[in-house]
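A.B. asks: attaching a predicted model along with its sequence, questions to come.
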Amino acid sequence: MSNLLPYQRLLVVGARGLVGQGVLSAFEGDADWSVTALSRRPLDFPTEATHVAVDLTDRIQTFETLSFLGTYTHIVFAALHEKEDLIAGWRDAEQIETNVGMLRNLLDALEPSEHLTLLQGTKAYGAHLGPMVNPGKEWHDRPPGPNFYWPQEDLVRDRANASGWRYTVLRPQIVCGLALGSPMNMTLAIGVFAAVSKAMGQPLHFPGGDAFVTQATDASLLGRAVRWFGAQSGSDNETYNITNGDELIWRSVWPSIAESFEMEVGDDRPISLVEKMPDVASIWDELVRRHGLKPYSMDQLVGKSWQFADAVFGLRGGQDTLLSTIKARKHGFVDCIDTEDMFRNQFAALQSARILPI
């Protein structure tokens, strides 16, 4: 361990979210890095990073806050604005402009001296607009249709070319982790659904539609990918798909998910979790009291993830969404995890933290 002050400075933008927490975990305990966690709201998890609060949609506040932070060698941009109607918002002009504006405000106030990581996902292959070409590969043309990824990516490319720093674009899908209140966290959506079902004396029914093949990405694995590619000069200004390395068919992993909650597997019972779960919020509140859990409401834990779960479970029709990770492997990033192990580990961590009941 070096006795010198850290010469590498990392700014994690959107630090409270799924990706942000995964990135922070990848740098935790490394004395060679000075890490700042940027988010609009206070952090709700322990970290060695220094927290700075800022609302990136407020241009004046962004400039006033970031002007005091100094220079950062690396920036990870994982901030995200979502509409109340999550799925429809992905095609909404205002939502697109807000996300682009947040990145523009950041870069106008502060650019990295060495490297920036930008996060995308399967919307880069048009999965939010209709069936995508499988597997999605990084060299595929941009599909037509609304998408905030492209103006963000163009902005990063222009700034990097003008200022001389490097960038990497990473494309995970169905990122799963420990973030509370995330609009797209399947781990907490499934965990709360399972706990409430068990409390009602039910087996773990599958609430989705017909089977299809997809993939997931562990937030911690994604954090390690962010760190790895940020250090690789040979991967300058490139795009990489990042997934766990296997495929995900929900019914195939359902038995191991049920096992995490000591439940039997039920039959298929397609139902909208958006519509059902608010009606059983009082059951969750009773679970919190009975098991001595941390006093989070169902909405505080899951938020818009019920909308995401309905979509990801294919309630109203699913589609295969596969990403090729060959390019990342060829460039040397070979980290992987079995998706069933990912869910087991994350459920256990949330149970240990008294977020979910055992």
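C.D. replies: It's in. Residues are numbered from 1 along each chain as shown.
A.B. asks: going forward, measure contacts and count neighbours with C-alpha atoms only.
C.D. replies: Noted.
A.B. asks: which parts of stretch 60-67 are buried?
C.D. replies: Under the neighbour-count criterion of 16 or more other Cα atoms under 10 Å, stretch 60-67 has Thr62, Phe63, Leu66 buried.
A.B. asks: for these, give me CSV that also has pLDDT, secondary structure and distance to Arg159.
C.D. replies: Listed next are the buried residues of stretch 60-67 as CSV, based on pLDDT from 0 to 100; DSSP: H, G, I helix; E, B strand; the rest coil; distance: Cα to Cα, whole Å:
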residue, pLDDT, secondary structure, distance to Arg159
Thr62, 98, helix, 18
Phe63, 97, helix, 17
Leu66, 96, helix, 18
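A.B. asks: what's the single longest helix in this protein?
C.D. replies: In the chain, assigned by DSSP state H, the helix with the most residues is helix 93-109.
A.B. asks: and after that helix, which helix or strand comes next?
C.D. replies: On the C-terminal side of helix 93-109, the nearest following helix or strand under DSSP states H and E is strand 115-119.
A.B. asks: how far out from the middle of the chain is the very next helix or strand once past that following strand?
C.D. replies: On the C-terminal side of strand 115-119, the closest following helix or strand by DSSP H and E is helix 149-163. Centre-to-centre, helix 149-163 and its host chain are 22 Å apart (Cα atoms, centre = their mean, to the nearest Å).
A.B. asks: so which residues make contact with helix 149-163?
C.D. replies: Here helix 149-163 makes contact (Cα atoms under 8 Å, 6 or more residues apart in numbering) with Asn99, Val100, Leu103, Arg104, Leu118, Gln120, Ala124, Arg166, Tyr167, Asn237.
A.B. asks: where's the first one relative to Tyr149, distance?
C.D. replies: Translated: Asn99. Per Cα to Cα, to the nearest Å, Asn99 is found 9 Å from Tyr149.
A.B. asks: one more: the third one?
C.D. replies: Summarising the geometry, the distance separating Leu103 from Tyr149, computed by Cα to Cα, is 11 Å.
A.B. asks: lowest-pLDDT helix or strand in the protein?
C.D. replies: helix 86-89 (a mean of 86; mean pLDDT, DSSP states H and E).
A.B. asks: would you mark the buried spots in it?
C.D. replies: Buried residues in helix 86-89, counted by 16+ other Cα under 10 Å: Leu86.
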